[in-house]
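Q: For reference, the sequence and a predicted model appear below.
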Amino acid sequence: MAVILRALALLSVSGASLALFVQELQDSWLTPFITANTLTLANRRLLIIGMAIGAAVAVVAGLLAWWNSVRRLNRIAHLFAPAILLGFIPPLCDTAAWPTPLNLCVVIGALLLLGERLFRMSLAAAAEGPGQSTLPTFASSRDRWAVLVPERVRRWLPPLLVLVGVIGYAIYMSVFTLRMHGRFQTYNYDLGQYDNIFWTTLHGYPLRDYPLGLVKNWHELRNHASLSVFFLLPFYAIKPGATALLVIQSCVLAIGAIPLYRFAARRLPRSYAVIIAYAYFLYPPTHGLQFYDFHMQPIASTFVLFVIDLVDDRRYWLCALAFVIAVGCREDISVGLAVLGAFLALSGHRVIPGILMAVGGAAYFVFIRFVIMPSFGGWGFHGIYKDLLPVGAQNFGGIIATMVSNPMFTFVSLATSEKLRYMLQILLPLALLPVRRSYLVVSIVPASIFTILTTQYAPTIDIGFQYSAHFIPYVFTATAVCIAAFGNEGAGLIRRRAALVTLVAATIICGVHWGAIPPRDKVHGGFGIMTMKPPTEADMRKDRDIKALHALIPKEASLAIGEAEMTHVSHLNIKGLGDTFDADYLLYSVGSGAAGSANADRALATGEYEKFAERPGLILLRRKPKTATPPAVPGLSPAPPAPPPPPPTQPAAPPAARSMPRPAPGRTPPPAPAPPNPR
């Protein structure tokens, strides 16, 4: 009798949830009901009556099934158990109903954990069949696929699907990030600066960064050790400019699905590996960083995936090459690879390669961070760890000292609602699988050092910025390991399938709120909300006019240009007009304020500049040529020298260390004055 009652209870809840789901799809009352509890009592009664009818219908159907067999009733109840979630789906997918991201994250997390349990019940009932009670095995599942799908198709279809996904993602993100660029939603911070690094290196001045005042060869090493610029340079040289960097970033991120698929396919059926690869394409934090200019962390994430795949496949020489490219993207990438090496060694999976990777990564970080980079200037990014710096400490060593000597304070600094929200946004699209095994928690450790360990710096805990890329290679490979750990027979196979279904559901739900696939009017990237709409005719005309004005400037002349305009031209000696007007030419948009025109007005006020050319909404100023001294006339006294021009009101060059990116018009400003922004 207890079995019958439990089965009928499951059916009644499933029926009520289904009835609620149907009613929630009617009209537009749902959003205010969720946010402000606006529905009248009479309408609530109608909802409840509808749910009661749904429950009654389900119970009657169950009783009819019980008439033949108690076991059949129990199987049907378990088979339809996931329908319990249906009533939660419309509210959960209503993006306007969740103004507080943390609340949304907590609800999604709770429903995913409940959903995985319900999926297990359903899949176990489906596997039993109407007349058997044995649980499935991987071999039996594979045999069924062998009957349905020809062997040649089974061999080539999975990698072909991944390849199609790679090409599709690369094209999709290239198109939409170029649209963003065409609508002037890319900026000096950071796309303009990276374009200048690539441009100067391409023209024989390695790793200069004129927008940051790093005007000597290799001086970008004061900022970051982005030595893999040289690896990407041939691709940039095909069509130099900021647009090339956006396309390169999209393509390299897309390629990351290939090593991920290979890694997963060695542990799981290849169909599972394909699903994990597509979860990678649909991962919202990847979309967010794609819509914030160009950075080296996303590039590094793909090569870290290659390192993981190749060391797992014992292709050590190729692994070493991927390792070199990965650490060459940025100095902090070596920290994650050192942790990975230690994990491989301590777990016994790849002991010798793990030791070499751990020692090599740690040695590289110490050497580049504490020897090479300081030789080019001081460290400018300690402010993002402000609360963890001991008195008098101004480098990363002080942060390590705090972590070791005062772990409780370090832990308290992590326990904030914003950091919890950020970690849930990282893990929820993967159904929390990377932390479902205690030994896999290490997958979030390296990235946490550069994200949630920071203090008083909002971008590092925002999935619209590049810092999320530190997590990507580790959490996705941990997801594959976790699913494989459930086993491939009996209850383990059921749990594996349930985890995979939950992963799909999590990817879709999180994508609705934070993703950029399929296209939508707005997507979060960097400091603001970007549009995925194509550029207008006015945008395209402005781009042509900027390039026409830039063509009037001699190549050897210095140029100060507006924040949003910098990414539309490539110039050797180029600076942000928002930082300084100490340049031979000034190019800016009329009315752009702190992003350009404010300093241009100050420059004109000095009398040193004159209007040289203009286009609708754009002005090009030129520093007035110095007047030659007229020859002396016999019998006349020489005229007194002209007074020197007043000094400029801005510094002659921008600071050498990166300052906080100033949002250009249309971007949401940061919440408070912030420390330097590490790219």
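A: That came through fine. Residues are numbered from 1 along each chain as shown.

Q: can you list the weak-confidence ranges in this structure?
A: Along the chain, the parts satisfying pLDDT under 70 run over 67-68, 129-149, 378-383, 392-397, 627-679.

Q: Which residue ranges make up each domain of it?
A: Listed domain ranges for the chain are 2-134, 151-530 (source: automatic domain parsing).

Q: Identify the residue nearest S17 in space, chain neighbours excluded?
A: G87 (3.9 Å; CB to CB, 6 or more residues apart in numbering). Every residue, glycine included, has its C-beta placed from N, CA and C.

Q: After the longest helix along the chain, which helix or strand is next?
A: For the chain, the helix that runs over the most residues, judged by DSSP state H, is helix 151-182. Next along the chain after helix 151-182, taking DSSP states H and E as the criterion, comes helix 193-202.

Q: residues making contact with that next one?
A: 206-212, 220, 226, 229-230, 232-233, 236-237, 240-242, 244-245, 293-296, 566-567, 570-572, 574, 679 (CB atoms under 8 Å, 6 or more residues apart in numbering).

Q: Kindly recompute the last result at 7 Å.
A: 207-212, 220, 226, 229, 233, 236-237, 240-242, 245, 294, 567, 570, 572, 574 (CB atoms under 7 Å, 6 or more residues apart in numbering).

Q: again with stretch 611-619
A: The contact list for stretch 611-619, computed with CB under 7 Å, 6+ apart, reads 542, 545-546, 548-549, 552, 588-590, 620-622.

Q: between those, which has the most around it?
A: Within the contacts of stretch 611-619, most neighbours by other CB atoms under 10 Å means Y588, with 30 neighbours.

Q: so what's that one up against?
A: With CB under 7 Å, 6+ apart, Y588 has these contacts: 561-562, 565, 577, 596-597, 600, 619.

Q: mind putting these in JSON lines, neighbour count included?
A: What follows is the contacts of Y588, written out as JSON lines (neighbours: other CB atoms under 10 Å):
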{"residue": "I561", "neighbour count": "31"}
{"residue": "G562", "neighbour count": "29"}
{"residue": "E565", "neighbour count": "28"}
{"residue": "L577", "neighbour count": "31"}
{"residue": "G596", "neighbour count": "30"}
{"residue": "S597", "neighbour count": "19"}
{"residue": "A600", "neighbour count": "23"}
{"residue": "I619", "neighbour count": "20"}
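
Q: Just these: which are in helices?
A: 597, 600.

Q: possible to save the contacts of Y588 as CSV with distance to A516?
A: Listed next are the contacts of Y588 as CSV, based on distance: CB to CB, whole Å:
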residue, distance to A516
I561, 29
G562, 27
E565, 25
L577, 31
G596, 29
S597, 32
A600, 35
I619, 35
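
Q: who touches G256 in this structure?
A: 280, 301-302, 305.

Q: If we use 10 Å, what do you get?
A: By CB atoms under 10 Å, 6 or more residues apart in numbering, the residues touching G256 are 166, 169, 277, 280-281, 286, 298-299, 301-306, 309, 469, 472-473, 476.

Q: what about it, distance to L64?
A: Per CB to CB, to the nearest Å, G256 is found 52 Å from L64.

Q: same check, this time on T502
A: As judged by CB to CB, T502 and L64 stand 31 Å apart.

Q: likewise R72?
A: 10 Å.

Q: So between these two, which is more surrounded?
A: R72 (16 against 11).

Q: Now that one: closest residue in space, sequence neighbours ignored.
A: A65 (5.2 Å).

Q: mind listing what the one you found touches?
A: Contacts for A65 (CB under 10 Å, 6+ apart) come out as 7, 11, 71-77.

Q: for R270, same thing?
A: Per CB under 10 Å, 6+ apart, neighbours of R270: 154-155, 157-159, 161-162, 261, 264.

Q: one step back: list the ones among the contacts of G256 that fall in helices.
A: 166, 169, 277, 280-281, 286, 298-299, 301-306, 309, 472-473, 476.

Q: Any of these buried? List them.
A: Among the ones in helices among the contacts of G256, those classed as buried by neighbour count (16 or more other CB atoms under 10 Å) are 166, 169, 277, 280-281, 286, 298-299, 301-306, 309, 472-473, 476.

Q: re earlier: can you point out the buried residues in the longest helix of the chain?
A: Neighbour-count burial for helix 151-182, counted by 16+ other CB under 10 Å, picks out 158-159, 161-162, 165-166, 169-170, 172-174, 176-182.

Q: Ok, stretch 413-431 next?
A: 413, 419-431.

Q: Can you measure across that stretch, start residue to end residue?
A: Start-to-end span of stretch 413-431 (CA to CA, to the nearest Å) is 26 Å.

Q: coming back round to it: could you redo the buried residues of stretch 413-431 as JSON lines and give each row secondary structure?
A: Shown next, in JSON lines, are the buried residues of stretch 413-431 (DSSP: H, G, I helix; E, B strand; the rest coil):
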{"residue": "S413", "secondary structure": "helix"}
{"residue": "K419", "secondary structure": "helix"}
{"residue": "L420", "secondary structure": "helix"}
{"residue": "R421", "secondary structure": "helix"}
{"residue": "Y422", "secondary structure": "helix"}
{"residue": "M423", "secondary structure": "helix"}
{"residue": "L424", "secondary structure": "helix"}
{"residue": "Q425", "secondary structure": "helix"}
{"residue": "I426", "secondary structure": "helix"}
{"residue": "L427", "secondary structure": "helix"}
{"residue": "L428", "secondary structure": "helix"}
{"residue": "P429", "secondary structure": "helix"}
{"residue": "L430", "secondary structure": "helix"}
{"residue": "A431", "secondary structure": "coil"}
